[in-house]
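Asks: Below is the sequence, then the predicted model.
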Amino acid sequence: MAGKRKLVLDPSWCKGCGICVAFCPKQALELEEEKVRLKADNECVLCGLCEARCPDYAIWLEDLEE
Amino acid sequence: MPSELIHKFMRIDHLPHIWCAGCGNGIIMRDVAVALQELIDDPEVNLNRGKVVVVSGIGCSSRAAGYMDFDSIHTTHGRAIAFATGIKIAHPELEVIVLTGDGDCSAIGGNHLIHAARRNIGLTVVTFNNDIYGMTGGQYSPTTPTGDLGTTAPYGNIDRPFDIAQLAAGAGATFTARGSAYHVRETTELIRQGIMHKGFSLIDVYSVCPTYYGRKNHKGGAVEMLQWQKENMIPAARYYAMSEEEKQGKLLIGTLTHTNFPEYTAQYAKLIERAQAKAKKGE
Amino acid sequence: MSAMKKAVLMQGNEACVEGAIAAGMRFYAGYPITPSTEIAESCAVRLPQVGGKFVQMEDELASMAAVLGASVTGVKAMTATSGPGFSLKQENLGYGCLAEIPCVVVDVQRSGPSTGLPTSPAQGDYMQARWGTHGDHPVIALSPASVQETYRLIIRAFNLSEKYRTPVIFLMDEIVGHMREGVVLPGADELIINKRHISYHDGANKQCYHVPEGQYVPAMKPFGQGERYNITGLAHDESGFPTGSNAVAGALYTRLMEKIDHNLDDIIRVEEYMLEDADTAVVCFGGTTRAVMSAVEEARAGGMKVGMFRPITVWPFPEARLKARLHTLKRVLVVEHNYGQMLLEVQRVAAEKLPVAFLGRYDGTVITPSDILAKLREMEG
């Protein structure tokens, strides 16, 4: 059973292609000055599709420390 | 510090990579890493990371070898499969994975592709197929669709494109499959199966090149190009449930051929036994 | 005390294979081409017997690539070809030079540009052996003059290749390749076999192409031993990763050249025959040598002071060794089966000091001792 996870972003690796934003099933992401960020009021369900399709490894799920 | 997966399998000192924004290659390279992670973690397989060799040729795709933290060799244009053949024959216990592009493996390296397939040597070839020569700035490749534009096809490409997976299958590859940058889960699984397969396997993965192909051909940016893959490339379960009419213009995401035939290096081991037995008898 | 060794009748091409196997060659990839084909055929028979691998590739380019691939796994590897195939191998040969991958490339030279006279002797690849691949690059090329020497010299080719981590070209020709003569096979205890140096650096620091001060050759482990480094044909830093730095690239290129240039005494071998008191030196290499030696002996019998200067290491050209002879000589004759290729090197070294004459043949026929003798007489004239 997976523990609790969180979404992590590294804007310095983001090239602003917008793939994660377009294919997020909850529209939880947006681009701000060509860098990805979580919307203020987001419904992220931690599905990980953004991580899977990010060509630049700038967004990913990480286990929360206990 | 990127994700654990990237940190573990990529040379992160050299990331972010040189590929353009929205290039599908980064997605496919990650698929390869995930497939390897699964095989390393799988107690039934217990893949030894130190026995994995990543081989590439020249082109955008082929920069992948340098980013992947394995024994890796970035060879000459078109020759990745030929280098890989030498590696595999010399040390059959190595798991040799070739990362290549449409131009690298089906134009300048086409001869090596068909002959490696014919030999059924145990290599796993993953193509980053983006329909264009990206590194040199957008010339038409053997997979550029007829009618499309490239810097060397200013009036529209009059060549017919190759279907690389079918080409390999026709040459005798015992495992061929088609994946896409969009279909991450399915493609990763096909790569995993390809590595597991004892024999020559090729997974033709459709990448996207928004910079040189998409823009020139008015196919939009990375998002629009992935959207096209989503709508027109159909995973096997759904594809086979479709009527012939519905299949028109659609491409299968999944396995094209999967047969069993003796693998080349296994056959060579037997040849050595025969030769040595014969020599002992003084023949 | 050991019993007299029996001579075995062997063809030059076969001796090449037997010597290579004695040197530890266990991988051969090739493509059939006259007059080197017997090398492939012998490897196909012999390698499996000793647990080695032979593969007939789809083309010459693939053969060279497969040899480099095998070598990065630590296996001593060889390919053989002839002129047209040698041209096709050149790109990957340069890759081997830059990426520092040991291997031996045999070129059994034949006549002509293009398909030419496939079964006729020539030495027209002398310059191709030096300059065939693009860019400045290090080259070691050895050329045997007899079947016996082929056996010994191919072992040296492997030794130099492993020691300096660079492809070594074994420049045979149709004359030696197809010559049959008795070869006395040395015992294993009489042979020196070099092993590749691996990892005098700290593998954990991932600087696989790092070379300590005063050394020239990197020492990474073969693939498959967990070192996990990158090899590329791009200019690279010490980690093996591509670099765009002119300074790093320049230092790499310089080291590649210096690893040969600073070790010339170790690499260069020359045969000097009756040269001590000679006023005329005949310069030749490979398959031309036998005719030259006969001519030298006949000339001596006729009272002429003639000797032979034969580079065994044909690249780098033994410039210092030839220079050292110039003060006792009055003239030099270069004899080759081409339009004048080693001639250019001899002229470069000697032409300011003394006259350099040339006798060449490139129509597929063989230069005879009487041809040479006639030329020597004409020169003394």
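Replies: Everything's here; your move. Residues are numbered from 1 along each chain as shown, chains lettered A, B, ... in the order given.

Asks: For the chain, which segments count as helices?
Replies: In the absence of a named chain, chain A is used. A:19-23, A:49-53 (DSSP state H).

Asks: Correction: the question concerned chain C.
Replies: C:12-23, C:37-49, C:60-72, C:83-99, C:126-131, C:147-164, C:174-178, C:246-261, C:264-267, C:289-301, C:319-323, C:342-350, C:369-380.

Asks: Would you quantify the distance from the most centrally placed residue in chain A to chain C?
Replies: Taking C-alpha atoms, centre = their mean, the centroid of chain A lies closest to residue A:59, which sits 4.6 Å from it. Going from residue A:59 to chain C by C-beta to the nearest C-beta, to the nearest Å gives 25 Å. In this view, the C-beta of every residue, glycine as well, is placed from N, C-alpha and C.

Asks: Closest residue of chain A to chain C?
Replies: Nearest residue of chain A to chain C (C-beta to the nearest C-beta) works out as residue A:57 at 17.7 Å.

Asks: didn't that residue look like it was pressed against residue A:13?
Replies: Yes - judged on C-beta atoms under 8 Å, residue A:57 makes contact with residue A:13 at a distance of 6.1 Å.

Asks: overlap in contacts of those two?
Replies: Contact criterion C-beta atoms under 8 Å, 6 or more residues apart in numbering or on different chains; residues shared by residue A:57 and residue A:13: B:2, B:15-16.

Asks: okay, the helices of chain C, which one's buried deepest?
Replies: helix C:60-72 (a mean of 30; mean count of other C-beta atoms under 10 Å in any protein chain shown).

Asks: Off-centre distance for that helix?
Replies: Taking the mean of its C-alpha atoms, helix C:60-72 sits 18 Å from the chain's own mean (C-alpha atoms, centre = their mean, to the nearest Å).

Asks: quick one, that helix and helix C:83-99 angle?
Replies: Relative orientation of helix C:60-72 and helix C:83-99, computed by axes from the mean of the first three to the mean of the last three C-alpha atoms, to 10 degrees: 40 degrees.

Asks: helices and strands around helix C:60-72, which ones?
Replies: Helices and strands touching helix C:60-72, by 3 or more C-beta pairs under 8 Å, 6 or more residues apart in numbering or on different chains; DSSP states H and E, are helix B:80-90, helix B:110-119, strand C:27-30, strand C:77-81, helix C:83-99, strand C:103-109.

Asks: quick one: contacts for the residue of the stretch 101-250 of chain B found nearest chain C?
Replies: In the stretch 101-250 of chain B, the residue that lies nearest chain C is residue B:115 (3.9 Å; C-beta to the nearest C-beta). Residue B:115 sits next to B:171, C:57-58, C:62 when contact means C-beta under 8 Å, 6+ apart.

Asks: Report the buried members of those residues.
Replies: B:171, C:57-58, C:62 (16 or more other C-beta atoms under 10 Å in any protein chain shown).

Asks: Rebuild these as JSON lines, extending it with pLDDT.
Replies: Shown next, in JSON lines, are the buried ones among the contacts of residue B:115 (pLDDT from 0 to 100):
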{"residue": "B:171", "pLDDT": "98"}
{"residue": "C:57", "pLDDT": "98"}
{"residue": "C:58", "pLDDT": "98"}
{"residue": "C:62", "pLDDT": "98"}
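
Asks: before we move on, the earlier item: which of the shared contacts of residue A:57 and residue A:13 fall in helices?
Replies: Per DSSP H, helices hold no members of these.

Asks: re the thing from before, quick one: which of the contacts of residue B:115 is nearest chain A?
Replies: residue B:171 (30.7 Å).

Asks: in the stretch 151-300 of chain C, what residue is nearest chain A?
Replies: residue C:241 (17.7 Å).

Asks: Could you list the low-confidence segments of chain C?
Replies: Chain C contains residues with pLDDT under 70 at C:1-4, C:200-205.
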